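In: Sequence plus the predicted model coming up.
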Amino acid sequence: EAQVTQNPRYLITVTGKKLTVTCSQNMNHEYMSWYRQDPGLGLRQIYYSMNVEVTDKGDVPEGYKVSRKEKRNFPLILESPSPNQTSLYFCASSSGTGGQETQYFGPGTRLLVL
Amino acid sequence: AQTVTQSQPEMSVQEAETVTLSCTYDTSESDYYLFWYKQPPSRQMILVIRQEAYKQQNATENRFSVNFQKAAKSFSLKISDSQLGDAAMYFCAYRVGHSGGGADGLTFGKGTHLIIQP
């Protein structure tokens, strides 16, 4: 089954404790991205990757890091989480760039930073 | 930069009735795509419908259809014969087409919460 998986699905942590949210897709997609969803703001792109070792900032990259060492994986790293990073995070992938390529979303990771 | 605006934070409709959700967008691109996503309480993002900007014909998917007015930059979603399972958050989204050259992701509106009254 074609899918995007994220782990963990729920996470409670404390300010400053480094964490990683994993994302993996089994569709051999080149393009992967991370979004965060906050009430009243919709979804906003954090980072994206057009292929292995190619990453770039989205609209709200501050406080986040990513890496793309393998095509299927695109982890999101919070080196020193702060309460304003409490949010719902989505990973997404598509076979290429452009709106003609359907983006597949993961199930979301709900993060609470105390 | 592209923007997507959903002016209705919440809408309510009786079961079996028709409801229309509004969306406007702003872009200087000529090649782009518009989407409606549904987010039920499970939080999963589900693609409802997609419209290519170069197509004049409005997209339809079963009970879901759009009214795409390119000159007005308007992209509304009509849900016919509303069902209880349609209750969700609905997001309008935009993405530049492949010829846009960039790697932009989806730009989302803030969402409309749709309530279905039994």
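Out: Yep, it's here. Worth saying up front: this structure is predicted, and the values here are computed from it rather than measured.
In: pLDDT score for the nearest residue to residue B:27 once chain neighbours are set aside?
Out: Nearest residue to residue B:27, sequence neighbours excluded (Cβ to Cβ, 6 or more residues apart in numbering or on different chains): residue B:2, at 4.7 Å. Every residue, glycine included, has its C-beta placed from N, CA and C. On pLDDT, residue B:2 comes in at 84.
In: what's the burial count for residue B:2?
Out: A count of nearby residues for residue B:2, using other Cβ atoms under 10 Å in any protein chain shown, gives 15.
In: Same check on residue B:32?
Out: 24.
In: Might one say that it is in contact with residue B:98?
Out: No: assessed by Cβ atoms under 8 Å, residue B:32 is found out of contact with residue B:98, at 10.2 Å.
In: most centrally placed residue in the chain?
Out: This is for chain A. Centroid-nearest residue in chain A: residue A:34, 2.9 Å away (criterion: Cα atoms, centre = their mean).
In: hmm, I had chain B in mind actually
Out: Note: chain B centre (Cα atoms, centre = their mean) maps to residue B:36, 3.0 Å.
In: Surely that one is in contact with residue B:91?
Out: Yes: in this structure residue B:36 lies within contact range of residue B:91 using Cβ under 8 Å: 7.2 Å.
In: hmm, back to that, which neighbours do residue B:32 and residue B:98 share?
Out: residue A:99 (Cβ atoms under 8 Å, 6 or more residues apart in numbering or on different chains).
In: Make sure residue B:22 is actually in contact with residue B:7.
Out: Yes: if you go by Cβ under 8 Å, residue B:22 and residue B:7 touch, sitting 5.7 Å apart.
In: And the strands in the chain?
Out: Chain wasn't specified; assuming chain A. Secondary structure of chain A, counting by DSSP state E: strands at A:4-7, A:10-13, A:19-25, A:31-38, A:42-51, A:54-57, A:65-66, A:76-78, A:87-94, A:104-105, A:109-113.
In: hmm, I had chain B in mind actually
Out: So, for chain B - with DSSP E - the strands run B:3-5, B:10-14, B:19-21, B:24-26, B:32-39, B:46-52, B:60-61, B:64-69, B:74-79, B:88-96, B:107-108, B:112-117.
In: Could you point out which of those strands sits nearest chain A?
Out: Chain A lies closest to strand B:32-39 among those, at 2.6 Å (Cβ to the nearest Cβ).
In: what ranges of chain A fall below the confidence cut-off?
Out: Within chain A, no stretch falls below the threshold (pLDDT under 70).
In: So between residue B:22 and residue B:7, which is more surrounded?
Out: residue B:22 (17 against 11).
In: Understood, closing this out.
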